[in-house]
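Asker: here you go, sequence then predicted model.
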Amino acid sequence: MTTRYGYLGPEGTFTQMALLSWTASHEGEHVPFGSVDSALDALRRSEIDAAMVPIENSVEGGVSATLDALASGDPLVVIGEVNVPITFVLAARHGVQRADVHAVGTHSHAWAQVRGWMDRHLPHATYVPTLSTAAAAAGLAHGEAGHGYDAAVCAPVAAANHGLEVLAEDIGDRAGAVTRFVLVARPGELPERTGADKTTVMLFQRDDRAGGLLELLEQFSVRGINMTRLESRPTKDFLGSYCFSIDFEGHVLDERVGEALMGLKRVCAEVRFLGSYPREDGAQTDVAPLTGDADFSAARDWLRSLRGT
Ligand SMILES: O=C(O)C(=O)Cc1ccccc1
């Protein structure tokens, strides 16, 4: 049976590029969705088998829509990641000049990455949010009057797909910007442990008190686990109530990771396990002295011998 992969569409999004790079070796059907939420809802309803969504970028940080969609609802897990270099163009319909551009449509994360260029070149242009960069390009191409913007910030391929003219190339404020995308699935078989893995969790604290966050972080630190992303997100229950979205090095099958998760389970109100998966860059986890599987097993065997079990 062919695998059905959902992605934040329409065609020409950076998310589609991530999916194309993932599926170069995995065949399947590609199904565009208008938003991260609609893709993940379809996944929860089993209408698709997996969904590619953006999670983090090197300029703007975490993608809240994704972090929040993973934090609640039926459980989903990350099974892979893809990093995509991002370059933006300013595109418009044929005949539109830069001087004619009064409003620019794009995805909020794209806007955040071109704000400096806009300040310098189109300081009076207003920003119109769209569901994706490619949706902004499609809106220009298909919408007659009334879509509310006269240029789009999108990938070069989205401009080309819609026959738009490129008014400016490479308008990102930071050269070398990268967005990290994750492939999400319903919980099932774990991706195999490779020694170059990451694990994602969402942690909910029991109560708000001095040292509460430190207590969570200690669970990683005492077991030699390196975190690669840490973000707080509002729980949405009341002002000042936060949960923590964390990526760290290692796989749930690693002893030190298992022990850290047990420690977290004990001290947190809720630990949402969001998957262990191979990291794209293949960088092997640096296992600190005395934190390898054998060290934990030896300690457990010793305890067993004391207990006579
Ligand atoms: O809108 C897109 O093309 C996306 O895939 C989301 C996005 C937007 C900006 C940077 C990276 C990903």
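Answerer: Nice, thanks for sending it over. Not measured: the values here are computed from a predicted model.

Asker: what residues of stretch 199-215 count as buried?
Answerer: The neighbour-count check on stretch 199-215 (16 or more other CB atoms under 10 Å) flags 199-205, 213 as buried. Where you see a C-beta, it was placed from the backbone N, CA and C, and this is true even at glycine.

Asker: other residues contacting that stretch?
Answerer: With contact meaning CB atoms under 8 Å, 6 or more residues apart in numbering, stretch 199-215 is reached by 67, 70-71, 78, 182, 216, 235, 240-252, 257, 261, 264, 267-277.

Asker: hmm, who's touching the helix or strand bottoming out on mean pLDDT in the chain?
Answerer: Ranked by mean pLDDT, DSSP states H and E, the helix or strand of the chain with the weakest confidence is strand 61-62, at a mean of 91. Strand 61-62 is contacted from outside by 55-56, 229, 231, 233, 245, using CB under 8 Å, 6+ apart.

Asker: just the ones of these in strands?
Answerer: 55-56, 229, 231, 233, 245 (DSSP state E).

Asker: so which bits of this structure are right by the ligand?
Answerer: 8, 13-15, 54, 57, 86, 107, 109-110, 132-134, 179 (CB under 6 Å from any ligand atom).

Asker: dump those to JSON lines, plus pLDDT, neighbour count and secondary structure.
Answerer: JSON lines is the format used below for the residues of the chain next to the ligand (pLDDT from 0 to 100; neighbours: other CB atoms under 10 Å; DSSP: H, G, I helix; E, B strand; the rest coil):
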{"residue": "8", "pLDDT": "98", "neighbour count": "32", "secondary structure": "strand"}
{"residue": "13", "pLDDT": "98", "neighbour count": "26", "secondary structure": "coil"}
{"residue": "14", "pLDDT": "98", "neighbour count": "28", "secondary structure": "helix"}
{"residue": "15", "pLDDT": "98", "neighbour count": "28", "secondary structure": "helix"}
{"residue": "54", "pLDDT": "97", "neighbour count": "26", "secondary structure": "strand"}
{"residue": "57", "pLDDT": "91", "neighbour count": "23", "secondary structure": "strand"}
{"residue": "86", "pLDDT": "96", "neighbour count": "22", "secondary structure": "coil"}
{"residue": "107", "pLDDT": "96", "neighbour count": "25", "secondary structure": "coil"}
{"residue": "109", "pLDDT": "94", "neighbour count": "22", "secondary structure": "helix"}
{"residue": "110", "pLDDT": "97", "neighbour count": "27", "secondary structure": "helix"}
{"residue": "132", "pLDDT": "97", "neighbour count": "30", "secondary structure": "coil"}
{"residue": "133", "pLDDT": "97", "neighbour count": "29", "secondary structure": "helix"}
{"residue": "134", "pLDDT": "97", "neighbour count": "29", "secondary structure": "helix"}
{"residue": "179", "pLDDT": "97", "neighbour count": "24", "secondary structure": "strand"}
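
Asker: reformat the buried residues of stretch 199-215 as a markdown table; add secondary structure and pLDDT.
Answerer: Compiled in a markdown table, these are given as follows (DSSP: H, G, I helix; E, B strand; the rest coil; pLDDT from 0 to 100):
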| residue | secondary structure | pLDDT |
| --- | --- | --- |
| 199 | strand | 98 |
| 200 | strand | 98 |
| 201 | strand | 98 |
| 202 | strand | 98 |
| 203 | strand | 97 |
| 204 | strand | 96 |
| 205 | strand | 94 |
| 213 | helix | 93 |
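
Asker: which of the ones in strands among the contacts of strand 61-62 count as buried?
Answerer: For those, buried by 16+ other CB under 10 Å: 55-56, 229, 231, 245.

Asker: remind me, longest strand of the protein?
Answerer: The chain, longest strand under DSSP E: strand 268-278.
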